[in-house]
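>>> Let me see the structure of the following:
(2 chains, ligands or ions: 2)
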Amino acid sequence: MNAVKTSKLVKEFNGLVAVNGIDLEIKKGELFSLLGPNGAGKTTTINMLCCLLKPTSGTASILGHDIIKNPFKVKDLIGVSPQDTILSKHLNCWENLSLMGEIHRLESKELKKKSEELLETMGLTERARDQVSKFSGGMRRRLSIAMALVHDPEVVFLDEPTLGLDPQARRAVWEYIAELKGKKTILLTTHYMEEADCLSDRIGIIDEGKIVALGTSEELKRNHLDSQSLIISAENFGTKVIENLRGKYSVVEKINGGLKISHKDLDFKEVIDYLYSQGVNIYSAASEQPTLENVFIQITGKRLRD
Amino acid sequence: MRIWGISKRNLKEIYRDPVLVAFLLGMPIAFMLVFCAAFGGQHVNPTSISIADEDQSLTSSAFIDCIENVPAFKLNEIYTEESQARNDIENGKIPFYLLIPAGFEEANQAQKPISLELAYKKADPMIGQLVKPMVEAATLMFLGISPPINIDLKGTEVEIKNETINFLIPGVIVFGLMVLIFTAASRIAADREDGFLARMLTTPARPWDFILGYSLPLILVLIVSTLIYLGIGITMGLSIIGNIGLAFLIFFLTGLCSIGIGMIVGTLVKSESQSAISWVIIVPLSMISGALMSADGMPTGLKNFANALPFMHAVDASRNVISGCATFSTVLPDLYYLIGWTVVLFTAGIILFRRRMAS
Ligand SMILES: Nc1ncnc2c1ncn2[C@@H]1O[C@H](COP(=O)(O)OP(=O)(O)OP(=O)(O)O)[C@@H](O)[C@H]1O
Ligand SMILES: [Mg+2]
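Ligands and ions are numbered 1, 2, ... in the order given. Reported below is the predicted structural model:
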């Protein structure tokens, strides 16, 4: 049984199609990242999966429970960290976490243990008794994530969890998520490609309401990047050399202290040999690792979304 | 318990917000003080009446004596000519006068119909409305026909220190409790606006958990403010003759109806500012329920309408109980009305909330 399964999920807002027929299957214990430009439909998809929005058509199920027919069963199983930081402002950390725990009928001992653990992870232990209205944005964010996890849900939806966190906090959250891997099913959205790359089992790229690419990070890089790049640190090359290179390869850029050359099935040896033959002093040469960001831009284009 | 968890949260959100606390406690206090200061004094200062006596007879002066003895009147000027009195009205020296026309004594002795005139400034017609029944009563008394007295009230007349206060305060309290419609609606609407409610809707809490979770803390507010109202009322001279517990029960049920309406409004509106629509319910409803003025003169249709709603019952029942004209069994129908409405409103609130949950 899949932890999350959607079939032809569609959501329209007065004619605007936000989600346009998404079919997804996420296995139990899998960490799945949903990437996509602004307005692609990530949040809308999550909102349907956590029973906040009714799909216009199609349906989905969480651990076999239909989101339309059996919403309360679904809500029992999930934990949601919404894109916007949402807390009860006049409550302190403990009280916010207790609220979620009590609604999920957690035993008080269990609740205390889990709260302590999460506050420690999120670095909030010292401020645990302060009203959250006095917190900084990042501190609120961390508590908001903790509130999604305190009841130990089977399936976790994290909508841009690390938005607005400092590098330390982001790493702490990553570590915590990495620990959950295999134990919980996690659906994560993010605009940090690095985050998706290092955490996910699989990645789906969504654009204009449709899944446009799906696979592991490696698969995406392999299947969607049609050129390799070589970065050469070198000296003593003239305009003629560059012109010759440009005639042969699709991208040749002069960068600080060297060159960057990209081409489909680039033959590194050929490039180096040519440069040697032209008397260029080469200090180092390295193939540039393809990044998820390259793939993302390749697939979704450079145009800004409205 | 989910309801308990949500209630605790909502209560903390109320009492840790100083502005909200100031509103919730300050409003009843301010209300009572303002209303009593504005209207409660009428009884203490008798209306001062001027008389133009053109009859100049024994009978007319006896009539003037009689008026002087009416506690609600204080004799001001006595004119022998009407023209002087009219002059004084125009100069703003007196607000109105009573004209005893020539031939008053004759008509009285001949048992003929007597006509008196009450002259007042056109710009202030309320004075005429106010004084006319008092003059009528005094005239009937003088002419030997006893004015109709409400038998029920007889025993209490002595005990009630200030009838105006006893009439006004129960109505003001009902009005104050109707403001809970707004308070309740704005609580839910605020949570909807900042997304908190949406977050809660991803949890397994049920519609009734929300409706009751929002209501319980407001019930505490209701109890506290009713006590404040009654406390200030007594300080202002309210005489509680009947059973105070029964009066409290009536106010409590009134507050429950208000909270119920507020839950419905809060479920339907989208933002905290939209919850101001509650006033469109509160103000007209309080008027037709006779909370701030007597609703006796309303057209029958409107009266029947008001009678079908809970608040007129609340006003009448609480007035009668406080002034000692009603007991538990006499207000029982009113109590049934209030309880029935409470049940209907809360059920409707839960059904509506459930509908709006899946949008
Ligand atoms: N409640 C709503 N009413 C109308 N349109 C909406 C609503 N919610 C979302 N949309 C529209 O649906 C589209 C998808 O929005 P969504 O929030 O799912 O994007 P997203 O992928 O989460 O983007 P981001 O990365 O900016 O968070 C957008 O065009 C948005 O304007
Ligand atoms: Mg989003």
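>>> Going by C-alpha atoms from here, please, whenever you check contacts or count neighbours.
Will do.
>>> Could you check stretch A:12-23 against chain B for contacts?
No: if you take C-alpha under 8 Å from any C-alpha of the partner chain as the test, stretch A:12-23 misses chain B, and the best it gets is 11.4 Å.
>>> And ligand 1, is that stretch touching that?
Yes: using C-alpha under 6 Å from any ligand atom, stretch A:12-23 comes into contact with ligand 1 via A:Phe13, A:Ala18.
>>> what comes up buried for that stretch?
By neighbour count on 16 or more other C-alpha atoms under 10 Å in any protein chain shown, the buried set for stretch A:12-23 is A:Ala18, A:Val19, A:Asn20, A:Gly21, A:Ile22, A:Asp23.
>>> ok, now stretch A:118-134?
For stretch A:118-134, by 16+ other C-alpha under 10 Å, it's A:Leu118, A:Leu119, A:Thr121, A:Met122, A:Gly123, A:Leu124, A:Thr125, A:Ala128, A:Asp130, A:Gln131, A:Val132.
>>> for stretch A:164-184, same thing?
A:Leu165, A:Ala169, A:Arg170, A:Ala172, A:Val173, A:Trp174, A:Ile177, A:Leu180, A:Lys181, A:Lys184.
>>> distance between that stretch and the chain's centre?
12 Å (C-alpha atoms, centre = their mean, to the nearest Å).
>>> With stretch B:11-18 instead?
With C-alpha atoms, centre = their mean, you get 30 Å for stretch B:11-18.
>>> and if you look at stretch B:80-90?
In terms of C-alpha atoms, centre = their mean, the centre of stretch B:80-90 is found 37 Å from the chain centre.
>>> which residues are in contact with that stretch?
B:51-54, B:56, B:79, B:94-97, B:99, B:120-121 (C-alpha atoms under 8 Å, 6 or more residues apart in numbering or on different chains).
>>> who wins for most neighbours among those residues?
Highest neighbour count within the contacts of stretch B:80-90: B:Tyr97, with 27 neighbours (other C-alpha atoms under 10 Å in any protein chain shown).
>>> Assign that residue to helix, strand or coil.
Under DSSP: H, G, I helix; E, B strand; the rest coil, B:Tyr97 falls in the strand class.
>>> which SS state does the closest residue to it other than its chain neighbours fall under?
Nearest non-adjacent residue to B:Tyr97, counting by C-alpha to C-alpha, 6 or more residues apart in numbering or on different chains: B:Ser50, 4.7 Å away. Three-state call for B:Ser50 (three-state DSSP): strand.
>>> which residues touch B:Ser50?
B:Leu75, B:Asn76, B:Glu77, B:Ile78, B:Tyr79, B:Ile94, B:Phe96, B:Tyr97, B:Leu98.
>>> do that again at 6 Å, thanks
By C-alpha atoms under 6 Å, 6 or more residues apart in numbering or on different chains, the residues touching B:Ser50 are B:Asn76, B:Glu77, B:Ile78, B:Tyr97.
>>> so the third one touches B:Ile51, yeah?
Just to be clear, that refers to B:Ile78. Yes: if you go by C-alpha atoms under 6 Å, B:Ile78 and B:Ile51 touch, sitting 4.9 Å apart.
>>> Tell me the residues on the stretch 1-150 of chain A that lie near chain B, please.
Applying C-alpha under 6 Å from any C-alpha of the partner chain, we find that the stretch 1-150 of chain A lies next to chain B at A:Cys50, A:Leu53, A:Lys54, A:Phe72, A:Lys75, A:Asp76, A:Ile86, A:His90, A:Leu99, A:Glu102, A:Ile103.
>>> OK, contacts around the fourth one?
A:Phe72 makes contacts with B:Pro204, as judged by C-alpha under 6 Å, 6+ apart.
>>> Report how many residues lie close to B:Ile351.
A count of nearby residues for B:Ile351, using other C-alpha under 10 Å, gives 16.
>>> To clarify, my last question referred to B:Arg192.
20.
>>> Tell me which residues of the one helix or strand it maps to come out buried.
Element membership for B:Arg192 (DSSP states H and E) is helix B:180-193. For helix B:180-193, burial by neighbour count (16+ other C-alpha under 10 Å) applies to B:180-192.
>>> right, and out of the residues you listed, which lies closest to chain A?
Of all those, B:Asp191 has the smallest distance to chain A: 9.0 Å, by C-alpha to the nearest C-alpha.
>>> Can you give me the distance of the closest one to B:Val265?
Relative to B:Val265, B:Asp191 is positioned 14 Å away (C-alpha to C-alpha, to the nearest Å).
>>> do A:Phe135 as well
32 Å.
>>> More neighbours: which of these two?
Neighbours per residue (other C-alpha under 10 Å) separate A:Phe135 from B:Val265, with B:Val265 holding more: 26 against 15.
>>> mind checking pLDDT for the more buried one?
pLDDT, B:Val265: 97.
>>> Next, format the buried residues of stretch A:164-184 as JSON lines and append secondary structure.
Below are the buried residues of stretch A:164-184 laid out as JSON lines (three-state DSSP):
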{"residue": "A:Leu165", "secondary structure": "coil"}
{"residue": "A:Ala169", "secondary structure": "helix"}
{"residue": "A:Arg170", "secondary structure": "helix"}
{"residue": "A:Ala172", "secondary structure": "helix"}
{"residue": "A:Val173", "secondary structure": "helix"}
{"residue": "A:Trp174", "secondary structure": "helix"}
{"residue": "A:Ile177", "secondary structure": "helix"}
{"residue": "A:Leu180", "secondary structure": "helix"}
{"residue": "A:Lys181", "secondary structure": "strand"}
{"residue": "A:Lys184", "secondary structure": "strand"}
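>>> With that, I have no additional questions.
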